[in-house]
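> got a predicted structure here, sequence first:
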Amino acid sequence: MKFDKLQEFRQAAYNHLGKAHDATFELTDAILTTRNAYSLADLSLSPFFRRKWSSIYEALQDSRPKRQKLMQLYIKQMPTQDRPLLAGDHTAWPRPDAVTLQERTIEHTSVTVPGNKPITIGEGYSTIAWVPDDSGNWALPLRHERITSWENPIDKATWQLKQVCEHLPTRPISVWDSEYGCAPFVSKTADIAADILVR
């Protein structure tokens, strides 16, 4: 029964990957099963990625996953008897040496850069994940998206929380880091059907 459910889930996820779905799906399996990958070339050596190494780059360039459909598929996997616990956060991915990378932004970081400033140059990502209360130490990301240079973490998180809550069958408890403990976040999320806790 569990195997049939897993097969059904994998087929549904595959259908929502858009272009280059075969290579993207194999890349996903390679990522999930490779303990340490330091480059895309490492992932191309996975037995689950049965294509030439250049297919990884083509998949990443061509794939346009249907994020809304994937989020709805993930939500269907969540149990409905309890109120879900959602965790949201803003993560910086430092890219100080990637001078040709478009849309780099100034991001807060716990590791200081030259000059002892708690910032870095890179990309910011906003994530909302479901945290199961009885299944160990993992979480299921429902939305994980780049914060572009014309967005800010508060607006992105608000939009993501609204997207998730519209599809949940019960009112969630949503927990956030101290970055979101401000009047703009409280004001912008007031109309969203969630109980929000901020550290």
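All right, it came through fine.

> OK, contacts around the nearest residue to Cys182 once chain neighbours are set aside?
Leaving aside its chain neighbours, Cys182 sits nearest to Ile154 (7.3 Å; criterion: Cβ to Cβ, 6 or more residues apart in numbering). The way it works is simple: take the backbone N, C-alpha and C, and place the C-beta from them, glycine included. Contact partners of Ile154, counting by Cβ atoms under 8 Å, 6 or more residues apart in numbering, are Tyr180, Cys182, Pro184, Phe185, Lys188.

> same question for Ser110.
Ser110 touches Pro118, counting by Cβ under 8 Å, 6+ apart.

> related to what we said a few turns ago, the helix or strand encompassing the residue nearest to Cys182: how far from the chain's middle?
In this structure, Ile154 sits in helix 153-165 according to DSSP states H and E. Distance, stretch centre to chain centre, for helix 153-165: 13 Å (Cα atoms, centre = their mean, to the nearest Å).

> ends of stretch 33-45, how far apart?
From its first residue to its last, stretch 33-45 covers 11 Å (Cα to Cα, to the nearest Å).

> same question for it, mean pLDDT?
Averaging pLDDT along stretch 33-45 gives 88.

> can you list the buried residues in it?
Of the residues in stretch 33-45, Leu40, Leu43, Ser44 count as buried by neighbour count, 16 or more other Cβ atoms under 10 Å.
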